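Visitor: show me the folded form of this:
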Amino acid sequence: MESYLKENFGEVKPKNSSEEALQRWRKLCWVVKNPKRRFRFTANLSKRDEARAIQRSNQEKFRLRVAVLVSQAALQFIHGITYNVPEEVKAAGFKICADELGSIVEGHNAKKLRAHDGVEGIAKKLSTSTTNGISTSEDSLNRRKNVYGINKFTETPVKGFWVFVWEALQDMTLMILAFCAFVSLIVGITTEGWPKGAHDGLGIVASILLVVFVTATSDYRQSLQFKDLDKEKKKIVVQVTRNGCRQKISIFDLLPGDIVHLAIGDQVPADGLFVSGFSLLINESSLTGESEPVYVTADCPFLLSGTKVQDGSCKMLITTVGMRTQWGKLMATLSEGGDDETPLQVKLNGVATIIGKIGLFFAVITFAVLVQGMFVRKRQEGSHWSWSGDDALEMLEYFAVAVTIVVVAVPEGLPLAVTLSLAFAMKKMMNDRALVRHLAACETMGSATNICSDKTGTLTTNHMTVAKACICGTIKEVSGSTEASTFCSGIPDSAIRMLFESIFTNTGGEVVKTEDNKIEILGTPTETALLEFGLLLGGNFELERQASKLVKVEPFNSVKKRMGVVIELPGGSFRAHSKGASEIILAACDKVVDTSGEVVPLNEESISHLKGTIEKFANEALRTLCLVYKEMGNEFSAETPIPVEGYTCIAIVGIKDPVRPGVRESVAICRSAGITVRMVTGDNINTARAIARECGILTDDGIAIEGPEFRVKTEEELHEIIPKIQVMARSSPLDKHTLVKHLRTTFQEVVAVTGDGTNDAPALHEADIGLAMGIAGTEVAKESADVIILDDNFSTIVTVAKWGRSVYVNIQKFVQFQLTVNVVALVVNFSSACLTGNAPLTAVQLLWVNMIMDTLGALALATEPPNDELMKRQPVGRKGNFISNVMWRNILGQSLYQFIVIWYLQTAGKAALRLDGLDSNLILNTVIFNSFVFCQVFNEISSREMEKINVFKGILKNYVFVAVLTSTVLFQIIIIEFLGTFASTHPLTLQQWFLSITIGFLGMPIAAALKMIPVGST
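Guide: Residues are numbered from 1 along each chain as shown. Predicted coordinates:
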């Protein structure tokens, strides 16, 4: 079976599956009882085609934009531009309507923009200020919402409970059974009268309704869980200026007139106009499909919602929101496309299809054998030419039994159990601070064999502070209680002033005042640490920024490992400041500020001292940054690149970023679980080594390597060293991508990768599971990821792995349980029909068994919470078989026991139980049915562990399991004792109840004995 599944259903990958692969498995699944239910949680390929059509349309618009603008400009030149403000807009206090704003930004209409006096003119007409933003009075905000709308997209409305009831009724086999019930009612009432003649028909109707309502309730609860998770996925926070204060708000609260601050990796939250910024490069591929990024400047200031900031930073004015944007229309369609189905869902659809075909074959044969037996009996009686209503009812019962065999045989619940288990796990993981963006990531994480983790913020706390600094050749310690006068003593004023200028001008962070007049530092943890250091020494952010003018900014990125600015000084001269990875920036220096504050050339001694300082800081697990400057003279153009050499070294700072509590223990758990943890960082190799040892990642036989060295290795050398690499320092995003690709392809590892920056997107995309950081991560990284770690904590990654394993094992348990029921129900009814001419289990009874093994079984076994034992097993990896030898052993052993017992009862039951009289057949069939159900009840308990004998450990902690088991037993008692008329059962004596329960219970020691038979793990 496994090879058939791999060949026909194995093309679907955890992510980035081809359209052909998704189409192919759908075509192979032709034995489907209820397509609406079976394919509910699979991708809607037609909706995806619609989304692609919108993207192509946007691409065409993008290409035709220049031609359109030329023609518009010509017409506007001839006729002039006239615009009349609608009365309702005027009445609300604004001077431009939403449609006009949309036509300017979406149409990139520079002529119209100039006619409205440019960006400043638009801001005035929107009653906002490019420096202070909009007013936050409730009246003002409400007027904006009424005129311009809100920044939300149209979403598919939540399906109500009755929709799920209707979808559950679409089951073809249930429809046929409903028809049988209808015919049974008519024939029964006609021949036997009311109410006696209606019992069989009403029994089937009641069973169908019970199945439908239990199924619908389970599906409805599942859909609500997915809805909650979808809401979490869409939560994006942006920085805005309102009432003159910087603050963070939800993307959904943005309004036209808002001033938004964007940096590398951010998503443009709505359509708008560029106000100010530096080197702004926008990637529009998500909207237009064009991979070539575009520069946005004051001359071409148009920013479109849904695009990404690839480089630079800016301040933008929001003009158009929600469904008025192209992104809004695209998102509304994309949201209907759904997630790709997971490999496990597809594989279990394959299992369901194989068993469904077998079941269909057996059902047809069973019906044929039963009808033939009836004909033979009637011929022997000589009544084969005379047919009564009873004969018609009997044949209808045979047909219902055949249809019900199909109901039981087609395990429709298998693929849905995956979704149920994933939904349950995703909801619980949300409580454990992990947001799963793609269903497949949940199950793939359970197979992970490697985790490539960032250092900063994942293994460390990301709460950075400057701990040491080397200024003018003097090393000084820094703490929260350090006095400015104490630190600055012995350091010339000129050096301190230059240090302040470097810290406060060459930064991506800001020091702002909040609404309650408190000082707040905004920016990355590194920037925050430096700004805090500057303020601690008595520096003034505002004064330093006002003392010079920023001319050019090159933001930090992980390829260059540096950030640079050029400022214009009051005298008209220019100065460049740069900071970044210490050894890289120091190599760009040829001068240094000495102990007297004089600029002197770097000599061997001073270079050796500075390199020794860097190494000393790094060995103390401090992140080192070098701050440098260069006098540029009076000539500099904003188009000229910032110099990369000829700098003067001001200072080297050592930033402390403590290791997170619990990381060492989590790494040890991973090691015992067979998961290799590697640290991939942009930091200095000595810092990386020190942190890796503290975390327990770097061992005596492991290798720590630098990115530049890794890059020049040959394929043979890479093949030899990659398994030993535990730390990669000074790595670029391309190094991380190369490492991940080799691990996945050459070594067939299942790789999870963490990332937070825009440049991490390729590695996150390449990995089997991309893990983005929820706090430090950019929107680009989060969008490329499969799981978002909301607290940026490595321990949470281990929790995700544990839940992933739990999902995988839970599905295996459920499959083992369901296949056992399938095999026994099929073989018992078929063999009985062939050998005795009647089926011991009626349609109503089989429907009840189907519900036990399908919806209720999935609820009980697929929602088992994880335990610590899961992390003591080796991972499944890429090559493991889903239906393992262990499962086949348990399925076949348990099926054989159940079949032997039921077959014995059927052939020798009357004599063994001393049954005689008119009701003997009914009582025997009731005992068989009762024994069969209790076999499944105890088998469900045995299925909690596939290899361990103790199946009761932690059973009371799983409330769902206990509730399902209890309700199954109670309802079974009700069916036997009180619903005999409808379910074709007879009340049993205490001895008969004891026998049924004992037969079921004996399955448990047999299951325990089976677990002692060694079969290998594959």
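
Visitor: can you pull the pLDDT of Ser942?
Guide: Reported pLDDT at Ser942 in the predicted model: 93.

Visitor: need the contact list for it.
Guide: Contacts for Ser942 were tallied using CB atoms under 8 Å, 6 or more residues apart in numbering; they are 890, 894, 951, 1003-1004, 1007-1008. C-beta: built from backbone N, CA, C; applies to glycine.

Visitor: now stretch 863-876: buried residues?
Guide: By 16 or more other CB atoms under 10 Å, the buried positions in stretch 863-876 come out as 863-866, 870-871, 875-876.

Visitor: quick one on the thing from earlier: buried ones from the contacts of Ser942, can you make that a PyMOL selection?
Guide: Buried residues among the contacts of Ser942 (16+ other CB under 10 Å), as a PyMOL selection:
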select buried, resi 890+894+951+1003+1004+1007
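
Visitor: taking the contacts of Ser942 one by one, which sit in helices?
Guide: Applying DSSP state H to the contacts of Ser942, the entries found in helices are 890, 894, 1003-1004, 1007-1008.

Visitor: out of these, which two sit at the greatest distance?
Guide: Asn890 and Met1004 (12.1 Å; CB to CB).

Visitor: nearest to Asn603, of the ones in helices among the contacts of Ser942?
Guide: Nearest to Asn603 among the ones in helices among the contacts of Ser942 is Asn890, at 76.2 Å by CB to CB.

Visitor: wait, doesn't the closest one sit right on Lys1011?
Guide: Yes. Counting by CB atoms under 8 Å, Lys1011 is a contact partner of Asn890 at 7.5 Å.

Visitor: now do the shared contacts for those two.
Guide: Joint contacts of Asn890 and Lys1011 (CB under 8 Å, 6+ apart) are Met946.

Visitor: now do the SS call for Lys630.
Guide: strand (DSSP: H, G, I helix; E, B strand; the rest coil).

Visitor: that one contacts Arg575, correct?
Guide: Yes. Lys630 lies in contact with Arg575 (CB under 8 Å); the separation is 7.0 Å.

Visitor: can you find the helix or strand in this protein with the smallest mean pLDDT?
Guide: Within the chain, no helix or strand scores below helix 45-79, which has a mean of 56 by mean pLDDT, DSSP states H and E.

Visitor: toward the C-terminus, what is the element adjacent to that helix?
Guide: Using DSSP states H and E, the helix or strand that follows helix 45-79 in sequence is helix 87-91.

Visitor: buried set for that next one?
Guide: Val89.

Visitor: what about the lengthiest helix in the chain, distance to the chain center?
Guide: Among the segments of the chain that qualify as a helix by DSSP H, the longest is helix 794-836. Offset of helix 794-836 from its chain centre (CA atoms, centre = their mean, to the nearest Å): 25 Å.

Visitor: next up, the contacts around Phe424.
Guide: Contacts of Phe424 by CB under 8 Å, 6+ apart are 225, 862-863.

Visitor: confidence score at the closest residue to Ser479 other than its chain neighbours?
Guide: Leaving aside its chain neighbours, Ser479 sits nearest to Ala467 (7.8 Å; criterion: CB to CB, 6 or more residues apart in numbering). Looking at Ala467, its pLDDT is 92.

Visitor: and if you look at Glu394?
Guide: pLDDT for Glu394: 77.

Visitor: which residue is nearest the middle of this structure?
Guide: In the chain, the centroid-proximal residue (CA atoms, centre = their mean) is Arg437; its distance is 2.1 Å.

Visitor: is it in contact with Leu790, as I believe?
Guide: No. Between Arg437 and Leu790 there is no contact under CB under 8 Å: 11.8 Å.

Visitor: dump the buried residues of stretch 863-876 to JSON lines, plus pLDDT, distance to Asp219 and secondary structure.
Guide: Listed next are the buried residues of stretch 863-876 as JSON lines, based on pLDDT from 0 to 100; distance: CB to CB, whole Å; DSSP: H, G, I helix; E, B strand; the rest coil:
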{"residue": "Thr863", "pLDDT": "82", "distance to Asp219": "14", "secondary structure": "coil"}
{"residue": "Glu864", "pLDDT": "85", "distance to Asp219": "20", "secondary structure": "coil"}
{"residue": "Pro865", "pLDDT": "85", "distance to Asp219": "22", "secondary structure": "coil"}
{"residue": "Pro866", "pLDDT": "87", "distance to Asp219": "24", "secondary structure": "coil"}
{"residue": "Leu870", "pLDDT": "88", "distance to Asp219": "28", "secondary structure": "helix"}
{"residue": "Met871", "pLDDT": "89", "distance to Asp219": "32", "secondary structure": "helix"}
{"residue": "Pro875", "pLDDT": "87", "distance to Asp219": "32", "secondary structure": "coil"}
{"residue": "Val876", "pLDDT": "81", "distance to Asp219": "28", "secondary structure": "coil"}
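
Visitor: which one of those is nearest to Gln23?
Guide: Using CB to CB, Val876 comes nearest to Gln23 of the buried residues of stretch 863-876, at 27.3 Å.

Visitor: list the contacts of that closest one.
Guide: Val876 neighbours (CB under 8 Å, 6+ apart): 446-447, 808.

Visitor: hmm, back to that, farthest-separated two in the contacts of Ser942?
Guide: Gln894 and Val951 (12.9 Å).

Visitor: what touches both of the two?
Guide: Contact criterion CB under 8 Å, 6+ apart; residues shared by Gln894 and Val951: 942, 1007.

Visitor: just the pLDDT at the residue of the chain positioned farthest from its centre, thanks.
Guide: Centroid-distance maximum for the chain: Gly382 at 68.5 Å, with CA atoms, centre = their mean. Looking at Gly382, its pLDDT reads 74.

Visitor: dihedrals phi and psi, it?
Guide: Here is the backbone geometry of Gly382 (degrees, to the nearest 10): phi 80, psi 20.

Visitor: same question for Phe278.
Guide: According to degrees, to the nearest 10, Phe278 has phi -140, psi 140.

Visitor: any idea what it is bridged to?
Guide: Beta-bridge partners recorded for Phe278 (DSSP bridges): Ser313.

Visitor: tell me the pLDDT at it?
Guide: 83.

Visitor: what's the answer for Tyr897, then?
Guide: pLDDT, Tyr897: 94.

Visitor: not counting sequence-adjacent ones, nearest residue to it?
Guide: Closest to Tyr897 by CB to CB, 6+ apart is Ile1006, at 5.0 Å.

Visitor: could you report the neighbour count for the one you found?
Guide: Look at Ile1006: counted by other CB atoms under 10 Å, it has 17 neighbours.

Visitor: and for the one 3 residues further on?
Guide: As a burial measure, Ala1009 scores 12 neighbours (other CB under 10 Å).

Visitor: how about Ser388?
Guide: 11.

Visitor: relative to Asp390, how far out is the residue nearest to it when sequence neighbours are not counted?
Guide: Closest residue to Ser388 apart from its sequence neighbours, by CB to CB, 6+ apart: Thr191 at 7.4 Å. Noted for Thr191: a distance of 7 Å to Asp390, by CB to CB, to the nearest Å.

Visitor: same question for Asn793.
Guide: Distance, Asn793 to Asp390, by CB to CB: 71 Å.

Visitor: so between those two, which is more surrounded?
Guide: Neighbours were counted for Asn793 and for Asp390 using other CB under 10 Å; Asn793 has more, 25 against 12.

Visitor: burial check on the spatially closest residue to the more buried one that is not a sequence neighbour, number of neighbours?
Guide: Spatial nearest neighbour of Asn793, excluding adjacent residues (CB to CB, 6+ apart): Arg660 at 6.0 Å. Arg660 sits with 21 neighbouring residues when counted by other CB under 10 Å.

Visitor: shouldn't Arg660 be in contact with Thr460?
Guide: Yes. The pair Arg660 / Thr460 is scored as a contact, 6.2 Å apart, by CB under 8 Å.

Visitor: shared neighbours, these two?
Guide: Joint contacts of Arg660 and Thr460 (CB under 8 Å, 6+ apart) do not exist.

Visitor: ok, back up a step: got a list of what the residue farthest from the centre of the chain touches?
Guide: So Gly382 contacts nothing (CB under 8 Å, 6+ apart).

Visitor: for Ala621, same thing?
Guide: Ala621 neighbours (CB under 8 Å, 6+ apart): 656, 659, 687, 690-691, 694.

Visitor: thank you kindly, that will do.
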